[in-house]
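In: just the structure for this:
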Amino acid sequence: MQVHVFDTHVTTLAKQYVHFDVLVDDKNREKVKEYAKVYLDSLGINVESISQSRCDFCHSEMANPEVIASIEQHGFCIIPLKIA
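Out: Take a look at the predicted model:
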């Protein structure tokens, strides 16, 4: 499965920095920002607490089995990179 990687950076009003990738297949490309919000909500960060956000297409690559399973089940996969 070919997936598209969206490099995502968020700074909260409390100055917390969150960096993660959102991986999706072709049929879910339009939902990337929605999936990023789902992940942030899971961390207790809601849209109102974000002061800066960027979610940019980075590249496409072949997915490993774990990523494929997540995309098939949820429509996306999140790769956490940094929370500070």
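
In: my guess is residue 81 meets residue 17, correct?
Out: No. The pair residue 81 / residue 17 is not scored as a contact, 10.4 Å apart, by CB atoms under 8 Å. Any C-beta I mention is one placed from the backbone N, CA and C, and that applies to glycine too.

In: which secondary element of this structure has the worst mean pLDDT?
Out: strand 50-62 (a mean of 89; mean pLDDT, DSSP states H and E).

In: other SSEs contacting that strand?
Out: strand 2-12, helix 32-42 (3 or more CB pairs under 8 Å, 6 or more residues apart in numbering; DSSP states H and E).

In: which of these is buried the deepest?
Out: strand 2-12 (a mean of 19; mean count of other CB atoms under 10 Å).

In: what's the closest non-adjacent residue to the spatially most central residue of the chain?
Out: With the centre of the chain defined as its mean C-alpha position, the nearest residue by CA atoms, centre = their mean is residue 22, 2.9 Å away. Distance criterion CB to CB, 6 or more residues apart in numbering; nearest residue to residue 22, sequence neighbours excluded, is residue 6 at 4.4 Å.

In: report the contact partners of residue 53.
Out: Contacts for residue 53 (CB atoms under 8 Å, 6 or more residues apart in numbering) come out as 8-11, 36.

In: same thing with residue 51?
Out: Contacts were defined as CB under 8 Å, 6+ apart; by that measure residue 51 touches 11-13.
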